[in-house]
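Participant: One predicted model, sequence on top.
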Amino acid sequence: MSAPQQLGEILRRVSVSDQDRQHRLFAITEQILTSSPQLQSADFTRVKPDDLQLIYELYDDQFFGGLIQRSFDQQRMSFRVSSRMTRAGGKTTRWGDPRRPERLRYEIAISSTLLFQSFQDPEHAVTVTGIECVNRLEGLLRVMEHELVHLAEMLVWSDSNCTLHRFQGIAQRQFGHLQHTHSLLTPRELAHREYNIRTGSQVAFVLDGRRYEGIVNRITRRATVLVPDASGEPFSDGRRYLRFYVPIAQLERLDE
Ligand SMILES: [Zn+2]
């Protein structure tokens with residue numbers, strides 16, 4: 001049997017007991033904390049693509065017998081830490097022509113924005129994949145586990161979808177996941193919780209000594225604020241607005 005076929009057998013049939021899983025996770029966590037220059041504590045403040053690769057290799061060895069790495073040329077695997085992903089905790093992407101599997105490229109990306117915004121406030125419990133996480137490393141591992149199921153599914157069946165039964169069965173049997181979602185703090189939630197600002201809020205801000213008033217149109221890492229102005233771009237409501245990108249902390253809420 002080829003490596004992807006063997007991997008498929010594991011995904012379909014193997015169910016890891018809670019106790020077994022705890023032992024494996026303990027080993028993985030120890031390895032990470034002793035070998036990563038960034039992840040020296042469970043509440044690390046930096047993470048690099050190398051760390052994601054380390055986690056990937058440790059999980060593959062512990063849970064899949066190294067079969068993920070043996071399923072394709074590892075030159076075609078890459079890792080990325082993204083500060084621009086503001087809704088998903090992670091993302092697994094495949095590029096190339098599915099009819100030429102020997103050329104397909106894969107990437108696992110993790111959102112540093114979500115990871116670092118979360119786990120600042122002990123009052124705010126964070127669940128990832130339905131499992132409560134008490135520190136940032138746990139959050140990162142749960143996100144990586146989810147992405148590894150995506151990758152494994154892509155290698156075996158070529159498609160992957162975490163809203164479907166097959167994915168959820170694998171995630172549950174291997175990692176004990178109960179859900180395919182997270183409650184990591186998104187910029188949108190943070191804006192609402194900390195500053196009571198959401199889409200549609202009336203706000204004011206000062207830029208180059210001048211004060212502007214407008215409406216929040218969108219929240220990603222910064223808020224997009226639309227300020228009525230005759231020289232601005234036309235919008236669907238028939239009015240013209242100038243568009244500003246403003247850090248949330250610099251906004252003053254007007255309509256309370
Ligand atoms: Zn997913």
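Facilitator: Received it, and whenever you're ready, just let me know what you need. Numbering: from 1, shown residues only.

Participant: Domain map for the protein?
Facilitator: For the chain, automatic domain parsing gives the domain ranges 3-185, 189-253.

Participant: what is the rounded mean pLDDT of the first one?
Facilitator: Rounded to a whole number, the mean pLDDT of domain 3-185 is 93.

Participant: Please apply the same query to the shortest one.
Facilitator: On average, the pLDDT along domain 189-253 is 91.

Participant: Start and end of that domain, how far apart?
Facilitator: 16 Å (Cα to Cα, to the nearest Å).

Participant: Tell me how far that domain lies from the chain's centre.
Facilitator: How far domain 189-253 lies from its chain's middle: 26 Å, per Cα atoms, centre = their mean, to the nearest Å.

Participant: try the first one
Facilitator: Between the mean C-alpha location of domain 3-185 and the chain-wide mean there is a distance of 10 Å, by Cα atoms, centre = their mean.

Participant: Looking at the domains of the chain, which one is packed in the most?
Facilitator: Across the domains of the chain, the average number of neighbours (mean count of other Cβ atoms under 10 Å) peaks for domain 3-185, which reaches a mean of 17. Heads up, the C-betas are built off the backbone N, CA and C, glycines and all.

Participant: Just the terminal-to-terminal distance for that one.
Facilitator: End-to-end distance of domain 3-185 (Cα to Cα): 38 Å.

Participant: Please enumerate the strands of this protein.
Facilitator: Using DSSP state E, the strands of the chain run over residues 77-82, 90-95, 105-111, 126-128, 131-133, 202-207, 210-219, 223-234, 240-246, 252-253.

Participant: Export the ones you listed to a markdown table and append columns for distance to residue 120.
Facilitator: Formatted as a markdown table, those follow (distance: least, Cβ to Cβ, whole Å):
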| stretch | distance to residue 120 |
| --- | --- |
| strand 77-82 | 18 |
| strand 90-95 | 20 |
| strand 105-111 | 15 |
| strand 126-128 | 10 |
| strand 131-133 | 13 |
| strand 202-207 | 23 |
| strand 210-219 | 18 |
| strand 223-234 | 20 |
| strand 240-246 | 22 |
| strand 252-253 | 21 |
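
Participant: which residues does the spatially most distant residue from the centre of the chain contact?
Facilitator: The C-alpha centroid of the chain is most remote from residue 230, which lies 39.9 Å away (Cα atoms, centre = their mean). Contact analysis of residue 230 by Cβ atoms under 8 Å, 6 or more residues apart in numbering lists residue 240.

Participant: repeat for the one 5 residues further on
Facilitator: The neighbourhood of residue 235, defined by Cβ under 8 Å, 6+ apart, consists of 226, 241.

Participant: next one: phi and psi at it?
Facilitator: For residue 235, the backbone dihedrals (degrees, to the nearest 10) come out as phi -120, psi 170.

Participant: The nearest residue to residue 241 once chain neighbours are set aside bridge partners, please.
Facilitator: Among residues not flanking residue 241 along the chain, residue 226 sits closest, at 3.9 Å (Cβ to Cβ, 6 or more residues apart in numbering). For residue 226, the beta-bridge partners are residue 215, residue 243 (DSSP bridges).
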